[in-house]
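In: Please work out how this folds:
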Amino acid sequence: MSDNNQKPVIVKRLETIAQLDPFHIIFRFIKSIFKIWHSKIVARSFLNFSFYPKPKFKIPNSSEIFSWISELCATPHRRPGTPEGHRGEQWIENKLKELGLKEINKDSIPIIEWSAENWSLKVNNSEIPSFYVVNTRFTENNSIEAPLVFVGKGKSKNFKKVDVRDKIVVAEVPFPYMPVGILLKILKILGIALYISDPENKLNIKSGQYLNFVRKNFIGGTASKNAPKNDVYWQSYKRGAKAVLLILKDQPSNSNSHYGPYDGIMKPIPALWIGKYDGIKLKEYAKKNVNARIILEGKKRPSVMHNIWGILPGKSDEIIMITSHHDSPFKGAVEDASGVAQVLAQIKIWSQIPLELRKKTLLFVISAGHFYGSLGAHMFARNHPEIMKKVKLLITLEHLGGIEVVEKNKQYTKTKNLALTVMFTSAEPLTIAIITNALKKKPAKLTIPLPYELLSPAPTSDAAGYVIEAGVPVISWIGCPYYLLDEYDTTEMIKKNELKPICETVTELVAQAIYFNSKIE
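Out: Numbering: from 1, shown residues only. Got it, this is the predicted structure:
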């Protein structure tokens, strides 16, 4: 795929994520308050809505949903365009047919498959554990040897103090912190909090979360000419650095297998991720300008990935769209076999409901390329405008059922809790009412509905592609455990017995969306 074909998607994705800086958050927050107030008032007329006729849902049990997660995770990863990714796509296509969809579609999307095969970092003849930064340049048959130089977080003042030309830059990459408890308190005071689903009362004023999918000084979605001034990778490149070593400053472990930024943009100098504790030693070396040796070898080739989708007809051609993404940088049990499994569960449930009781049409999309700038979502919306015009609500399901982890002894340690989840929602009365009704009937643990307009022009999830391209109303239910982007995302991180309760909440969301405004016939 040429850069010209990628650029419009990448630029729009950057605009969405870049809004997460404090100034834009405050500006958007204030701007959205009155709209949310009005929507909440209007939504009251829809609350406690009872739909008729009410089907009897046969919900898959947790073991069955977990079996789908396990089967999809049979390969080490499902990266876009790879044989492993294609195997996952084929499994999903077969499963859609097995579960009752009559017509399955596979949309091909051309991409460049980038695969690293060998990488290392050596300083003073000893190896420091590392992991590659996806889509950066390979060293090919040669290593890169040069002095290290430390630039802190890569701000302009840091670069003014040192000359990085022909050196290997060492920098810290922080993640933004979302003070969930404080934010909820503010929303309640302002009267714009939505219905918080926390049946076990786990949330408190101290609740919070690092957003490790948003690198504050290496956001992604950009190239050299339009890179932000605080982008440490591109500023290092512009100043003539040979390579970049990036320390995961806020990752709550010493994990270095961070798969990001996953924007699909090929980058001109090699880069490696370093765990935060290994980074302590590396910083000391860099401050002394010790020499280092980097290897990053692999291959690039043209390939394709596929959106897989099907339609379950209803009595109306109005569409409720249910989606997740199938690709994953590692095993991806939580991201996003768990989301795929919940979409599959909805196919199984609604395909057993008689046509005359399905008041709206259901569209199921399991998209490709979340780890390629969310290109699959963007391209589906662009390639099917006639379908998107009929979509009355988009429900995206991502990272559901993951176990919360905290750091202990420099490692991830499981707690007894589910990981925090957020429902990014459109600030529209009907959407707010659907969420409120569903969560009252089928509560979900540690779930916070939040109008995405408070933070950004689109949800910070795979829903962004559909919202940006087609402007559809959305409920984007997404979990945020710290291991999403690394190799620790395995089936052991799934809280198996919670899969059916999650499915019940999803089913209630879909049912509310289908039967609102329907009349008894």
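
In: What strands flank the longest strand anywhere in the chain, and is each parallel or antiparallel?
Out: Longest strand of the chain, by residue count under DSSP state E: strand 291-312. Strand pairing for strand 291-312, using DSSP bridges, gives strand 104-123 (antiparallel), strand 144-150 (antiparallel), strand 361-367 (antiparallel).

In: State the mean pLDDT of the longest one.
Out: pLDDT averaged over strand 104-123 equals 96, rounded to a whole number.

In: In this structure residue 466 contacts residue 387, no?
Out: No. Using Cβ atoms under 8 Å, residue 466 makes no contact with residue 387, being 10.7 Å away. C-betas here are computed from N, CA, C, even on glycine.

In: Between these two, which is the more surrounded one?
Out: Using other Cβ atoms under 10 Å, the more surrounded residue of residue 466 and residue 387 is residue 466, with 27 against 19.

In: element containing the more buried one?
Out: According to DSSP states H and E, residue 466 maps onto helix 463-470.

In: hey, C-alpha coordinates of that helix in CSV?
Out: C-alpha atoms of helix 463-470 as CSV (Å, rounded to 0.1, in the frame of the first residue of the first chain):
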residue,chain,number,x,y,z
ALA,A,463,-14.6,2.4,17.1
ALA,A,464,-12.7,5.6,16.1
GLY,A,465,-12.5,4.5,12.4
TYR,A,466,-16.2,4.1,12.1
VAL,A,467,-17.0,7.3,14.0
ILE,A,468,-14.5,9.4,12.1
GLU,A,469,-15.5,8.1,8.7
ALA,A,470,-19.3,7.7,9.1
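
In: tell me the pLDDT at residue 183?
Out: The model's pLDDT for residue 183 equals 87.

In: got the contact list for the helix or strand hosting it?
Out: Element membership of residue 183, judged by DSSP H and E, is helix 180-190. Contact partners of helix 180-190, identified using Cβ atoms under 8 Å, 6 or more residues apart in numbering, comprise 33, 193-194, 196, 203-209, 420, 448.

In: and the next element down the chain from it?
Out: Assigned by DSSP H and E, the successor of helix 180-190 is strand 209-210.

In: rewinding a little: got the buried residues for the longest strand of the chain?
Out: Within strand 291-312, the residues scored as buried using 16 or more other Cβ atoms under 10 Å are 292-298, 303-312.

In: Distance check, the closest residue to residue 266 other than its chain neighbours against residue 471.
Out: Of all residues not flanking residue 266 in the chain, residue 135 sits nearest, at 5.3 Å (Cβ to Cβ, 6 or more residues apart in numbering). Noted for residue 135: a distance of 29 Å to residue 471, by Cβ to Cβ, to the nearest Å.

In: Compare neighbour counts for the two and give me the winner.
Out: residue 135 (20 against 13).

In: How is that one assigned, secondary-structure-wise?
Out: coil (DSSP: H, G, I helix; E, B strand; the rest coil).

In: Check it and give its pLDDT.
Out: 96.

In: cool, residue 51 as well?
Out: 53.

In: Where is the longest helix in the protein?
Out: helix 22-43 (DSSP state H).

In: Touching that one from outside, list them.
Out: 18-19, 190-192, 194, 427-430, 432-433, 436, 451, 453-456.

In: What residues does residue 432 make contact with?
Out: 39-40, 43, 194, 425, 449.

In: for it, phi and psi?
Out: phi -60, psi -40 (degrees, to the nearest 10).

In: Distance check, it against residue 449.
Out: Residue 432 is 8 Å from residue 449, by Cβ to Cβ.

In: For these two, list the residues in contact with both.
Out: Counting by Cβ under 8 Å, 6+ apart, the residues touching both residue 432 and residue 449 are 194, 425.
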